[in-house]
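*Asks:* Sequence and predicted model, in that order:
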Amino acid sequence: MGAYSDQAQADHDACAALCDGARGERGLARVRQRLLWIAGNLWWWLRQVSGDADYENYMRRGSRDSCPSINQNRVSRGAISAEEFYLENLRRKHSRINRCC
């Protein structure tokens, strides 16, 4: 009877090790998913703060503003290219006095 209980214990230990490994892999997958989510949000924030996403924001705002129910009285303007948008921003930033004192 001692050999049977030793075999049963060995089977139980092997099963527990497999189950713990599976739980560990799921835990690692969750950690990986969470880290990717954090990295994506950090990248989004960095692009917003640096101005890199300005053109995408402009295009998104333009498509949202083109809704007829919102823009009943506005004259719609055509979207400009990314190059024109960049040049317009440069002109706007550097065409006025910009100093602290």
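*Replies:* Alright, I've got the coordinates.

*Asks:* Name the nearest residue to Asp52, sequence neighbours excluded.
*Replies:* Leu46 (7.8 Å; Cβ to Cβ, 6 or more residues apart in numbering). Placement of C-beta: from N, CA and C, glycine included.

*Asks:* I'd like to know how far the one you found sits from Ser81.
*Replies:* Distance of Leu46 to Ser81, computed by Cβ to Cβ, to the nearest Å: 24 Å.

*Asks:* Now for this structure: which helix has the highest residue count?
*Replies:* helix 2-50 (DSSP state H).

*Asks:* ok, back up a step: could you count how many residues lie near the residue nearest to Asp52?
*Replies:* By the criterion of other Cβ atoms under 10 Å, Leu46 has 11 neighbours.

*Asks:* That one and Ala39, how far apart?
*Replies:* Distance from Leu46 to Ala39, by Cβ to Cβ: 10 Å.

*Asks:* Can you report the mean pLDDT over the residues of stretch 91-101?
*Replies:* Mean pLDDT, stretch 91-101: 81.

*Asks:* next one: stretch 6-25
*Replies:* Mean pLDDT, stretch 6-25: 69.

*Asks:* per-residue pLDDT, the most centrally placed residue in the chain?
*Replies:* Residue closest to the mean C-alpha point of the chain, counted by Cα atoms, centre = their mean, is Gly40 at 3.4 Å. The model reports Gly40 with a pLDDT of 97.

*Asks:* Which element, helix or strand, includes Glu84?
*Replies:* Assigned by DSSP states H and E, Glu84 belongs to helix 82-94.

*Asks:* And that helix, what does it pack against?
*Replies:* With contacts taken as 3 or more Cβ pairs under 8 Å, 6 or more residues apart in numbering; DSSP states H and E, helix 82-94 sits against helix 54-65.
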